[in-house]
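J.: Predicted coordinates and the sequence they were generated for:
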Protein chains: 2
Amino acid sequence: MPELRKDPIVDRWVIVAPERARRPIQLAAEPRLEPTGPCPFCEGNERETPHEILALRAESTCADQPGWRVRVVPNKFPALAMQTSAASGSGGQFDERRDGLGIHEVIVESPRHLRTLTELSALELRDVFWVYRQRLAALADDQRLAHAVIFKNMGAAAGATVEHVHSQLIATPLVPPAVAERLAGSQRFWRECGRCVFCQLIDEALSDRERLVVESPRFVAFCPFAARFPYETWLLPRQHAAHFHTLAEGDLAELASVARRVLCALEAVLPQPAYNYAIQSAPFDSSAPDHYHWHMEIIPRVTNVGGFEWASGLFINTVPAEEAAARLRAADAKGQAFPAG
Amino acid sequence: MPELRKDPIVDRWVIVAPERARRPIQLAAEPRLEPTGPCPFCEGNERETPHEILALRAESTCADQPGWRVRVVPNKFPALAMQTSAASGSGGQFDERRDGLGIHEVIVESPRHLRTLTELSALELRDVFWVYRQRLAALADDQRLAHAVIFKNMGAAAGATVEHVHSQLIATPLVPPAVAERLAGSQRFWRECGRCVFCQLIDEALSDRERLVVESPRFVAFCPFAARFPYETWLLPRQHAAHFHTLAEGDLAELASVARRVLCALEAVLPQPAYNYAIQSAPFDSSAPDHYHWHMEIIPRVTNVGGFEWASGLFINTVPAEEAAARLRAADAKGQAFPAG
């Protein structure tokens, strides 16, 4: 029997329909990325990218040269850019447009040509999160920018166009609509219930444990009650904080370890999953420290979103959060008992 | 230079970044649907589906037998269903859930195993729209239902799991979030400007002609100013109407002809495009006849939506609407001058 579930933060219902998972899918293999030339992100090919913005590199090595562990470069084909020009072109009376001012960077997560983040050691993954934090902290001071998202597209079905392990950062001059919606929702909850809705969700996940995936002293990962996608998982700090970039340096290794366990569990349950993740941090102006809580959303792309979802905004999830979490927990327990490598 | 454009109906900005279309995409061919057994939608295989709800069929042929032109059946793996049960299962204090009451039907658009709607003649396509109208009119009277979407998933990248040409109908007990958002937006425009925003958009499309794709005496198709997707096209009746199912029977052939021209133009510009379309009609209770205008949204799935779009709600479109419309117009002109077949 299908069920409708309502997200506690934004005004969004989700259809949970496990029966639909039984339908035969006439699908060929997942499309694979096929490199068309030398990989622009491999060590030794630094000249294939614009000049680096930041790199974690061995002492006595130079910018745009080998010797780095994580490297940040401007996106060669940016969605937004910092130079401005008077917006031009004709438009109707009601057409509103402005310059696409902003930042679009690529974070190359390894000098080696790896496909997935789980091939990085926990220590290497800590470096990746260190760089995320560094870039968000640096951009937070730019008065022209309102918000930034760090995100990963893993696999062609998740929007990736380059195979080499990397994530991206896009900073915008306005608070994006989905972020504004979550802020409004968490503010409403704060007004009505007197606390942060994310803190509430963490407490629930830890007390009923049905949707819990991984817990550590300072972090929790769980499948949200009204997940839009099968195996959608959220990772949050237990201690309330609106901004990712205020995370203590000493917590980065633990965050990397929890994220790695979640991604390993996903890869154990879904072979070669395409997925997206995004770090959802509050807008830079931080008018929302009390009611907004940064979190990392991990969205496996098991099925393609179709016309119904685009038209209605209603998502159909074939794997209830409790079932997804149980499978991920089991995979994690197995991984912890018999660690690979 | 990228540009931000705001949708005139809902509170949504889109990033228009033509430079990003230049990036090399390491992509293999589009995944193809590979039938795993006899096609459940082909004439002669009627027993593979649940009993038919409606069919346009030759006189003296029986239900669930050959002889039909368009056939409507319940979805065998429904996202929603009409039987109810007390919603059960534990949940947190704030978890809101209800029965997944609703309707999920499949509209098989041809007895032949065709892959794309443009293989149907204009007359056959008219029958398809006749059936859409018939089903929406029938469901509009059911007090348990608030709204219905008719949609098509064409190609695996657009969410299709069966190759045989078909569309689907999902009726819900609540007004879906994206529909509610558009209603609120068009109501706001009505209050501020004293007219229907869609009528306004039609006038603009016809006067500046930059984004016009196809026009006929009673219908207009254009690429919207703040299109989220490359080649996104909207098709609307020139005469204001909130509900698709109030369309006059005499207008169906003209609608089919315009829709066919748009789809043929798309297929000429994008080889074997995956796409979604949806008929966006007002909620059944029709409290919104003045400010809402039914329309058909056609969304080619050229690129996969990535983590940034999911996290931010901001879409990145690499083909400005004016450029998309110019290419579609040129393809349509060629198609009209030298009709195939």
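T.: Sure thing, it's come through. Numbering: from 1, shown residues only, chains lettered A, B, ... in the order given.

J.: Alongside chain B, which residues does the stretch 151-300 of chain A contribute?
T.: Residues of the stretch 151-300 of chain A lying near chain B by Cβ under 8 Å from any Cβ of the partner chain: A:151-153, A:156-163, A:168, A:170, A:172-174, A:176-179, A:181, A:197, A:200-201, A:204, A:208, A:210, A:225, A:276-278, A:280, A:297, A:299. (Glycine included, C-beta is placed from N, CA and C.)

J.: Filter those residues down to just the ones in helices.
T.: Among those, the members falling in helices (DSSP state H) are A:P177, A:A178, A:V179, A:E181, A:V197, A:Q200, A:L201, A:E204, A:D208.

J.: Go ahead and build a PyMOL selection from the buried members of those residues.
T.: Buried subset of these, written as a PyMOL selection, criterion 16 or more other Cβ atoms under 10 Å in any protein chain shown:
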select buried, chain A and resi 177+178+179+181+197+200+201+204
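
J.: Could you export the ones in helices among the residues of the stretch 151-300 of chain A next to chain B to CSV, including columns for pLDDT?
T.: Shown next, in CSV, are these (pLDDT from 0 to 100):
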residue, pLDDT
A:P177, 91
A:A178, 93
A:V179, 94
A:E181, 92
A:V197, 95
A:Q200, 96
A:L201, 96
A:E204, 95
A:D208, 93
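
J.: Return the closest of the ones in helices among the residues of the stretch 151-300 of chain A next to chain B with respect to chain B.
T.: A:A178 (3.1 Å; Cβ to the nearest Cβ).

J.: and that closest one, what does it touch?
T.: Neighbour list for A:A178: B:W310, B:A311, B:S312, B:G313, B:L314 [criterion: Cβ atoms under 8 Å, 6 or more residues apart in numbering or on different chains].

J.: how near is the last one to chain A?
T.: In this structure, B:L314 and chain A are separated by 5 Å, where distance is defined by Cβ to the nearest Cβ, to the nearest Å.

J.: now do the third one
T.: Here the distance between B:S312 and chain A works out to 3 Å (Cβ to the nearest Cβ).

J.: Tell me the predicted confidence for that residue.
T.: On the pLDDT scale, B:S312 is placed at 94.

J.: Backbone dihedrals for the closest residue to A:V10 other than its chain neighbours, please?
T.: Spatially, and ignoring its direct neighbours in sequence, A:V10 is nearest to A:G185 (4.4 Å; Cβ to Cβ, 6 or more residues apart in numbering or on different chains). The phi/psi pair for A:G185 (degrees, to the nearest 10) reads phi -70, psi -40.

J.: Show me the residue sitting in the middle of chain A in space.
T.: A:A278 (1.6 Å; Cα atoms, centre = their mean).

J.: list the contacts for that residue?
T.: A:A278 is in contact with A:V149, A:I150, A:F151, A:K152, A:M296, A:E297, A:I299, B:G307, B:F308, B:W310, B:A311, counting by Cβ under 8 Å, 6+ apart.

J.: The last one is in contact with A:V149, isn't it?
T.: Right, B:A311. Yes. Look at B:A311 against A:V149 with Cβ atoms under 8 Å: they come within range, at 4.8 Å.

J.: Now for these two: what residues contact both?
T.: Applying Cβ under 8 Å, 6+ apart, one finds that B:A311 and A:V149 are jointly contacted by A:P176, A:V179, A:A278, A:Q280.

J.: what's the distance between the second one and A:A242?
T.: According to Cβ to Cβ, to the nearest Å, A:V179 and A:A242 sit 12 Å apart.

J.: Likewise for A:R182?
T.: A:R182 sits 12 Å away from A:A242, going by Cβ to Cβ.

J.: Touching both of the two, which residues are there?
T.: Listed as contacting both A:R182 and A:A242 by Cβ under 8 Å, 6+ apart are A:Y292.

J.: thinking in terms of the whole chain, how far from its middle is the worst-scoring helix or strand of chain A on mean pLDDT?
T.: One helix or strand of chain A scores below all others by mean pLDDT, DSSP states H and E: strand A:96-99, with a mean of 85. Distance, stretch centre to chain centre, for strand A:96-99: 27 Å (Cα atoms, centre = their mean, to the nearest Å).

J.: what's that strand packed up against?
T.: Using 3 or more Cβ pairs under 8 Å, 6 or more residues apart in numbering or on different chains; DSSP states H and E, the elements in contact with strand A:96-99 are strand B:3-6.

J.: downstream neighbour of the strand it packs on in the secondary structure list?
T.: Next helix or strand after strand B:3-6 toward the C-terminus (DSSP states H and E): strand B:13-16.

J.: ok, that following strand: who's next to it in the sheet?
T.: Here strand B:13-16 is paired, per DSSP bridges, with strand B:3-6 (antiparallel), strand B:315-317 (parallel).

J.: ranking the ones you listed by burial, who's on top?
T.: When you average the neighbours per residue for each of the strands paired with strand B:13-16 (mean count of other Cβ atoms under 10 Å in any protein chain shown), strand B:315-317 leads with a mean of 24.

J.: re earlier: as TSV, the contacts of A:A178 with distance to A:E48, secondary structure and neighbour count would be great.
T.: Shown next, in TSV, are those (distance: Cβ to Cβ, whole Å; DSSP: H, G, I helix; E, B strand; the rest coil; neighbours: other Cβ atoms under 10 Å in any protein chain shown):
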residue	distance to A:E48	secondary structure	neighbour count
B:W310	28	helix	23
B:A311	27	helix	23
B:S312	28	helix	25
B:G313	32	coil	17
B:L314	28	coil	25
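
J.: for chain A, what spans make up the helices?
T.: Secondary structure of chain A (DSSP H): helices located at A:122-140, A:177-193, A:197-208, A:252-269, A:307-312, A:321-337.

J.: mind listing what's buried in the fourth one?
T.: Buried residues in helix A:252-269, defined by neighbour count with 16+ other Cβ under 10 Å: A:252, A:254-269.

J.: now do stretch A:317-334
T.: A:317-329, A:331-332.

J.: do stretch A:193-213 as well
T.: In terms of neighbour count (16+ other Cβ under 10 Å), stretch A:193-213 has its buried residues at A:C196, A:V197, A:F198, A:Q200, A:L201, A:I202, A:E204, A:A205, A:E210, A:R211, A:L212, A:V213.

J.: now it: how far from the chain's centre is it?
T.: Relative to its chain's centre, stretch A:193-213 lies at 20 Å (Cα atoms, centre = their mean).

J.: neighbouring contacts of it?
T.: By Cβ under 8 Å, 6+ apart, the surrounding residues in contact with stretch A:193-213 are A:8-9, A:185-186, A:189-190, A:215, A:220-225, A:233-234, A:236, A:238, A:240, A:262, A:265, A:290-293, A:295, A:321-322, A:325-326, A:328-329, A:332, B:90, B:92-94.

J.: Filter those down to just the buried residues.
T.: Applying 16+ other Cβ under 10 Å to the contacts of stretch A:193-213 flags A:8-9, A:185-186, A:189-190, A:215, A:220-225, A:233-234, A:236, A:238, A:240, A:262, A:265, A:291-293, A:295, A:321-322, A:325-326, A:328-329, A:332, B:92 as buried.

J.: ok, back up a step: save the strands paired with strand B:13-16 as a markdown table, and put in mean pLDDT too.
T.: Formatted as a markdown table, the strands paired with strand B:13-16 follow (pLDDT from 0 to 100):
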| stretch | mean pLDDT |
| --- | --- |
| strand B:3-6 | 91 |
| strand B:315-317 | 93 |
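
J.: Switch those strands over to a markdown table; also include distance to B:F284.
T.: Compiled in a markdown table, the strands paired with strand B:13-16 are given as follows (distance: least, Cβ to Cβ, whole Å):
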| stretch | distance to B:F284 |
| --- | --- |
| strand B:3-6 | 30 |
| strand B:315-317 | 29 |
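
J.: can you tell me which of these comes nearest to B:T36?
T.: strand B:315-317 (34.0 Å; Cβ to Cβ).

J.: hmm, who's touching the closest one?
T.: A:79, B:12, B:14-17, B:20, B:227-230, B:232, B:305, B:308-309.
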